[in-house]
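**Student:** Dropping a prediction and its sequence here:
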Amino acid sequence: MMQYWTTLASVMGVYAFCQTLMHTVFPPEIRFIFLKIFHRLFNWCSVYCYFDITEIDGVNTNELYNAVQLYLSSSASIIGNRLTLTRGLNSSNITFGLSNNDQIVDNFNGVNVVWEHVVTQRQSQTFAWRPLPEEKRAFILRVKKRYKEVVLGKYLDYVMEKANELRRKNQDRLLYTNSRGGSLDSRGHPWESVPFKHPSTFETLAMDDEKKSEIMEDLLDFAKGGCFYQRTGRAWKRGYLLYGPPGTGKSSMIAAMANFLGYDIYDLELTEVHTNSELRKLLMKTSSKSIIVIEDIDCSINLTNRKKSGGVGGSGSGVGSSYDCSPPGAGAVNGGGEEGGNTITLSGLLNFTDGLWSCCGSERIFVFTTNHIEKLDPALLRSGRMDMHVYMSYCSFPSLKILLKNYLGYDECDMKKEMLEQFEEVVGKAEMTPADVSEVLIKNRRDKEKALRELLEVLKMKAEKLKCRKKGDDEDVEQEKRALGSPKGIIRGNSDADGVQKGGNDEEKQEEHDVENGIVDDDDGNDNAVATTSK
Ligand SMILES: Nc1ncnc2c1ncn2[C@@H]1O[C@H](COP(=O)(O)OP(=O)(O)OP(=O)(O)O)[C@@H](O)[C@H]1O
Ligand SMILES: [Mg+2]
């Protein structure tokens, strides 16, 4: 090491001496040639090669410079003695950076590289369309010549990747909305964004642990699966359908997913989209690493079974817009619509989720939510569009324990055994949503014992009510069966108005029951099990 420094010092000494000598003796042209030769000789003898990464490349900002700055901020925070600190717009963290003319050593796969941050004054302001900063900044990367390939081939990619990761981590998520309708902002962007600060995480989400881990693993596999999707020729996207009664945590789950993966959210308001091509444009303007959400899809667009959709009008829940539900094969018919000209089609939506355009970015997750899965067209539910169907259920005992921990700070061991047993017995029967349970706990959070007592009371009351109602319903059915004299009478013999109504109700109840058990009746009358199934 000592020897190395001695050699370097002598080379530098010779270099300085030659420069002084030349300055006094030789004319500038000769000096220039001599210096050029000397530089070449020096570079040829040196074991190092150097890469300059300037802040500005011509008149454009050099993305690599910013990436290096961010990348070094992660290690600079530990090693450096003098650091520059910055905090970006929308950022929740402070970023550390190398001070001017400081050096830092990094190691990549056993190869040492040295980064130096060099700042010099710009000589003179030449004409430029954009005023350039007075200082010229650059990172100089020094590495042994024999490792040049490693640096160019892998290290710089690694730096870029790490920087992107850090950027995502440091920057708050953004929540985009298309609530402005089809109009664009000054930069031609159809989405408006606000910082996304939803605190929901998978830890705070009340649901069964097994289900939760399954979803988390699936998300992680997806996020890390770039090579897999490339290898298998699939577009790098995944669809989730969250369904269940209101207040069971569907929206909270989306927020938890975004916070878990560090993705932005695009909340697509379908009722604000007028045509299929508008829908496509919106898709094109979404970024990678994002979650595209359509909430309450059954209410946003008439998505009943395509076979029935022609005349029946299905659920008829299109909000203030008339939607054409022509089958995918029929293409998008933008016929102007009847009320207000909205002609987004089911076909348009299907193309949005998995047509060719859906691949114009990568690493995107589509999440649809609904309270009525039975109202959705099977085409929308099929694998590849909605890969995972997650049933968000009423509050179960494991979910209740999570809520008690969230709101009261109670662990299992903090509660009396008898009380826990009572909760376990009654919570499943009460069919209360986590939102309702949360409400009781929030209201009484200053008096924890009271909160527990009141919650237990409410649960018992609800369970009792539900039991009575079910008993009443069973008795009604029995009476009707007896009256008709045949167990199948209700379905066959419902030609009178009353019978039709009741038959319909039974069907609805059956459907509800099926949904809760994760069964969906498809087009051909086959029952599909869908509860938290990954397809
Ligand atoms: N599973 C859950 N875990 C934790 N909190 C929950 C859960 N479900 C509901 N909550 C609480 O209830 C409130 C409403 O939940 P959320 O908006 O996620 O329900 P939702 O299923 O999206 O309802 P909707 O179908 O009406 O949109 C949330 O603020 C959250 O605090
Ligand atoms: Mg919701």
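**Tutor:** Okay, I see it. Numbering: from 1, shown residues only. Ligands and ions are numbered 1, 2, ... in the order given.

**Student:** how about the strands in the stretch 251-400 of the chain?
**Tutor:** Per DSSP state E, counting those that start in this stretch, the stretch 251-400 of the chain carries strands over the ranges 264-267, 290-294, 364-370, 388-391.

**Student:** Let me know which of the ones you listed is the nearest to ligand 1.
**Tutor:** Ranking those by proximity to ligand 1 (CB to the nearest ligand atom) places strand 364-370 first, at 6.3 Å. Every C-beta, even on glycine, is put in place using the N, C-alpha and C of the backbone.

**Student:** Could you export the closest one as PDB, CA atoms only?
**Tutor:** The C-alpha atoms that make up strand 364-370 are tabulated as PDB, following Å, rounded to 0.1, in the frame of the first residue of the first chain:
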ATOM      1  CA  ARG A 364     -49.700  -3.400 -12.200                       C
ATOM      2  CA  ILE A 365     -52.400  -4.800  -9.900                       C
ATOM      3  CA  PHE A 366     -56.100  -4.400 -10.800                       C
ATOM      4  CA  VAL A 367     -58.400  -4.500  -7.800                       C
ATOM      5  CA  PHE A 368     -62.200  -4.600  -8.100                       C
ATOM      6  CA  THR A 369     -64.500  -4.500  -5.100                       C
ATOM      7  CA  THR A 370     -68.100  -5.400  -4.900                       C
END
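
**Student:** Tell me how far residue 443 lies from residue 96.
**Tutor:** 44 Å (CB to CB, to the nearest Å).

**Student:** ok, those two, which is more surrounded?
**Tutor:** residue 96 (19 against 14; other CB atoms under 10 Å).

**Student:** and that one, that one's in a strand?
**Tutor:** Yes: counting by DSSP: H, G, I helix; E, B strand; the rest coil, residue 96 falls inside a strand.

**Student:** Check the model's average confidence along the helix or strand harbouring residue 67 for me.
**Tutor:** Residue 67 belongs to helix 63-79 when assigned by DSSP states H and E. The average pLDDT for helix 63-79 rounds to 77.

**Student:** Next secondary structure after it?
**Tutor:** Sequence-wise, the next helix or strand downstream of helix 63-79 (DSSP H and E) is strand 83-86.

**Student:** can you give me the helices for the stretch 101-250 of the chain?
**Tutor:** Ranges of helices within the stretch 101-250 of the chain are 148-150, 156-170, 209-223, 226-232, 250-261, based on DSSP state H, counting those that start in this stretch.

**Student:** What's the mean pLDDT across the fourth one?
**Tutor:** Averaged across helix 226-232, pLDDT comes to 88.

**Student:** buried ones in that helix?
**Tutor:** For helix 226-232, a neighbour-count test (16 or more other CB atoms under 10 Å) marks residue 229 as buried.

**Student:** helices or strands up against that helix?
**Tutor:** Where contact means 3 or more CB pairs under 8 Å, 6 or more residues apart in numbering; DSSP states H and E, helix 226-232 is not packed against any helix or strand.

**Student:** So which residues make contact with that helix?
**Tutor:** Helix 226-232 is contacted by residues 235, 236, 362, 363 when judged by CB atoms under 8 Å, 6 or more residues apart in numbering.

**Student:** quick revisit: return the alpha-carbon coordinates of the helix holding residue 67 using PDB.
**Tutor:** Provided in PDB are the C-alpha atoms of helix 63-79 (Å, rounded to 0.1, in the frame of the first residue of the first chain):
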ATOM      1  CA  GLU A  63     -31.200  10.500 -14.700                       C
ATOM      2  CA  LEU A  64     -28.200   8.400 -13.700                       C
ATOM      3  CA  TYR A  65     -26.700  11.300 -11.700                       C
ATOM      4  CA  ASN A  66     -29.900  11.600  -9.600                       C
ATOM      5  CA  ALA A  67     -30.000   7.800  -9.200                       C
ATOM      6  CA  VAL A  68     -26.400   7.700  -8.000                       C
ATOM      7  CA  GLN A  69     -27.100  10.600  -5.600                       C
ATOM      8  CA  LEU A  70     -30.000   8.700  -4.100                       C
ATOM      9  CA  TYR A  71     -28.200   5.400  -4.000                       C
ATOM     10  CA  LEU A  72     -25.200   6.800  -2.200                       C
ATOM     11  CA  SER A  73     -27.500   8.500   0.300                       C
ATOM     12  CA  SER A  74     -28.300   5.100   1.800                       C
ATOM     13  CA  SER A  75     -24.600   4.300   2.500                       C
ATOM     14  CA  ALA A  76     -23.500   7.900   3.000                       C
ATOM     15  CA  SER A  77     -25.700   8.200   6.100                       C
ATOM     16  CA  ILE A  78     -23.600   5.600   7.900                       C
ATOM     17  CA  ILE A  79     -20.100   6.400   6.600                       C
END
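
**Student:** ok and it relative to helix 156-170, angle-wise?
**Tutor:** On the basis of axes from the mean of the first three to the mean of the last three CA atoms, to 10 degrees, helix 63-79 is oriented at 70 degrees to helix 156-170.
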